[in-house]
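Colleague: Sequence first, then the predicted structure, then my questions.
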Amino acid sequence: MTKTRTVPVYVPSLKVEIVDTVVAGDIFNFGFLAKPFEPSCLSKDQLKSHTLDALLQTLELGAKAASVPVSRIGAGSPWARDLKWALS
């Protein structure tokens, strides 16, 4: 959950079997921060006018990224191929 200047924003986590939560927060942050650096998000216009939809997409990627390592043993970061199912 986060908040814009006027609206609280909530994105639910994915339902997965929890095995190991060691890196869940770190990987959420990685996914959240990675989304704005996709080539389609780096134009000057895009950076000036991030919308609520763009914020939701970044939160969703963070939640999806965090769902991968918590469902397996070991503190490993997910690869792009691990997230392919979650991004479709």
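Modeller: Structure's in. What do you need? Computed from a predicted structure; not experimentally measured.

Colleague: Look up how far Val7 lies from Lys15.
Modeller: Remark: distance between Lys15 and Val7 (C-beta to C-beta, to the nearest Å) = 25 Å. From N, CA and C alone the C-beta is placed, and that goes for glycine too.

Colleague: Give me the neighbour count for Ala65.
Modeller: 26 (other C-beta atoms under 10 Å).

Colleague: same thing with Thr6?
Modeller: For Thr6, using other C-beta under 10 Å, the count is 6.

Colleague: Which secondary structure state does Ile27 sit in?
Modeller: helix (DSSP: H, G, I helix; E, B strand; the rest coil).

Colleague: Any idea how many residues pack against it?
Modeller: With other C-beta under 10 Å as criterion, Ile27 counts 23.

Colleague: do the one 5 residues further on as well
Modeller: Around Phe32 there are 20 other residues, counting by other C-beta under 10 Å.
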